[in-house]
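Participant: Predicted coordinates and the sequence they were generated for:
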Amino acid sequence: MEQKKIDRINFLARKSRTQELSAEEKEEQAILRQEYRDSFIRSLSSQLENTYIVEKDGSKRKVTKKQGGN
């Protein structure tokens, strides 16, 4: 996610603490927050796809997704 968008999320969060956001700002905030969450999940998933667990005997096994998980 672009730093410009993160700065906007932070600006709207600070503004919401001192005054009521307009309907357009609330909608923009919700969209930006969802985009941030999606970006975070993609990044974390990518990291986990390249993660291995090293067993006591030195063998490695790939981290797998739990059944029934998202």
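Facilitator: On my side now, so go ahead.
Participant: residue ranges with poor pLDDT in the protein?
Facilitator: Across the chain, the ranges flagged by pLDDT under 70 are 68-70.
Participant: report the longest helix in it, please.
Facilitator: helix 23-49 (DSSP state H).
Participant: just checking, next helix/strand downstream of that one?
Facilitator: Secondary structure here is assigned by DSSP states H and E; on that basis, the next helix or strand after helix 23-49 toward the C-terminus is strand 52-54.
Participant: Indicate each strand paired with the helix or strand that that next one is followed by and its parallel or antiparallel sense.
Facilitator: Using DSSP H and E, the helix or strand that follows strand 52-54 in sequence is strand 60-62. Listed by DSSP bridges, the sheet partners of strand 60-62 and their directions read strand 52-54 (antiparallel).
Participant: elements contacting the longest helix of the chain?
Facilitator: Contact analysis of helix 23-49 by 3 or more Cβ pairs under 8 Å, 6 or more residues apart in numbering; DSSP states H and E lists helix 3-18 as its packing neighbours. Yep, even glycine has a C-beta here, placed from its N, CA and C like the rest.
Participant: helices or strands up against the helix it packs on?
Facilitator: In terms of contacts (3+ Cβ pairs under 8 Å, 6+ apart), helix 3-18 is packed against helix 23-49.
Participant: Pull out the buried positions in the helix it packs on.
Facilitator: Judged by neighbour count using 16 or more other Cβ atoms under 10 Å, the buried positions of helix 23-49 are Q29, L32.
Participant: quick one, it and helix 3-18 angle?
Facilitator: Angle of helix 23-49 versus helix 3-18, following axes from the mean of the first three to the mean of the last three Cα atoms, to 10 degrees, is 130 degrees.
Participant: quick check, distance from helix 23-49 to the centre of its chain.
Facilitator: With Cα atoms, centre = their mean, to the nearest Å as the basis, the distance from the averaged C-alpha position of helix 23-49 to the chain average is 5 Å.
Participant: now do stretch 53-69
Facilitator: In terms of Cα atoms, centre = their mean, the gap separating the centre of stretch 53-69 from the centre of its chain is 23 Å.
Participant: Any chance you could list what contacts that stretch?
Facilitator: The set of residues external to stretch 53-69 that reach it, using Cβ atoms under 8 Å, 6 or more residues apart in numbering, is L48, T51, Y52.
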